[in-house]
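Chemist: Generate a structure from the sequence data that follows.
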Amino acid sequence: MTTRKVENPNKKGNAAFIWAVLAVLAIALVVIGLIVFNGRENRSAAIQEEMIDVEGVNVAWDGEENTIHLTGDNADAKTAELFEDFSCTHCADLHIATDEAMLEKLKAGEINVELRPMTALDQGQEGHSTKALAAELALIANGDLAQAFTVRDYLFQNQQSAYNKYDNDGFADLAKDYEASDAAIQDIRDGKYIEAAKRMGSENMKYQEDETGEAWTPRVLVDGKDIEDIEGKRDNWPETLAGM
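Modeler: Next up is the predicted model:
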């Protein structure tokens, strides 16, 4: 009597099915990898497009002053004092209207600017203006100048959606998005420059009051006078200053 081994008639079909599934999974992994890679490349390109070019602008802050010095290569160029507050809607409007021209005139050596941030709209609290300024100071202190001015630009350009959106971790993550240094990101996360921001905001308000008898933002002073009182315009103050 002959015995014959009974085989599963679906055996070859199962193996083929398994190989087909593995092939599909392999293709899916390749596609996902390409999507992730392209996403990163696109994100990196988008970040580079958003970055503010400050090459040719000297940015100086010694950690104790209440002024961030912005200069070109002409020490004798006319200087304006610019007062701004990250929570001030009119400051956002002025920034949008004039910041690009300000940087162009700085690079050309036609003007110099003493940037005097304020935090008056926080009303003494550790609010949006203070945290935003602390983040900016952390970036400047760590030499991340393009990131400092890019974050500044983002916060003014998107003020309505950004206002009171970020805590220290949020500002740190925002700086990270713009490829800030690890040291600057950690300083923002730790709130290292919160007290410096409070002091700077308070002292710049006092400075205005001492110089002119009152204080507000946005304000552009030249030789202690409002630029609009000198030339009648503020919305194109960089051009006005360059022509003085």
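
Chemist: List phi and psi for the residue nearest the centre of the chain.
Modeler: The centre of the chain sits closest to V151, judged by C-alpha atoms, centre = their mean, with a distance of 0.5 Å. Main-chain dihedrals, V151, degrees, to the nearest 10: phi -60, psi -40.

Chemist: Could I get the full set of strands for this protein?
Modeler: Applying DSSP state E to the chain gives strands spanning 58-60, 68-71, 78-84, 111-117, 219-222, 225-226.

Chemist: D173: which of the ones you listed is closest?
Modeler: strand 111-117 (21.5 Å; C-beta to C-beta). Yep, even glycine has a C-beta here, placed from its N, CA and C like the rest.

Chemist: Can you tell me which of the strands of the chain is nearest to Y166?
Modeler: Between those, strand 111-117 lies closest to Y166; by C-beta to C-beta that is 16.4 Å.

Chemist: Output the closest one as PDB - backbone C-alpha positions only.
Modeler: Output of strand 111-117 as PDB, limited to C-alpha atoms (Å, rounded to 0.1, in the frame of the first residue of the first chain):
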ATOM      1  CA  ILE A 111      21.400 105.600   9.500                       C
ATOM      2  CA  ASN A 112      22.000 104.200  13.000                       C
ATOM      3  CA  VAL A 113      19.300 103.000  15.400                       C
ATOM      4  CA  GLU A 114      19.100 102.700  19.100                       C
ATOM      5  CA  LEU A 115      16.400 100.100  19.600                       C
ATOM      6  CA  ARG A 116      14.700 100.700  23.000                       C
ATOM      7  CA  PRO A 117      12.100  97.900  23.600                       C
END
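
Chemist: Give me the helices and strands touching that strand, please.
Modeler: Where contact means 3 or more C-beta pairs under 8 Å, 6 or more residues apart in numbering; DSSP states H and E, strand 111-117 is packed against strand 68-71, strand 78-84, helix 89-107, helix 194-212, helix 237-242.

Chemist: 10 Å - rerun?
Modeler: In terms of contacts (3 or more C-beta pairs under 10 Å, 6 or more residues apart in numbering; DSSP states H and E), strand 111-117 is packed against strand 68-71, strand 78-84, helix 89-107, helix 128-141, helix 194-212, strand 219-222, helix 237-242.

Chemist: So which of these is the most surrounded?
Modeler: helix 128-141 (a mean of 26; mean count of other C-beta atoms under 10 Å).

Chemist: Now do it, average pLDDT.
Modeler: For helix 128-141, the mean pLDDT works out to 98.

Chemist: One more: stretch 173-183?
Modeler: According to the model, stretch 173-183 has a mean pLDDT of 97.

Chemist: With mean pLDDT and distance to F171 added, can I get the strands of the chain in TSV?
Modeler: Below are the strands of the chain laid out as TSV (pLDDT from 0 to 100; distance: least, C-beta to C-beta, whole Å):
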stretch	mean pLDDT	distance to F171
strand 58-60	97	19
strand 68-71	98	17
strand 78-84	98	17
strand 111-117	98	15
strand 219-222	98	25
strand 225-226	96	31
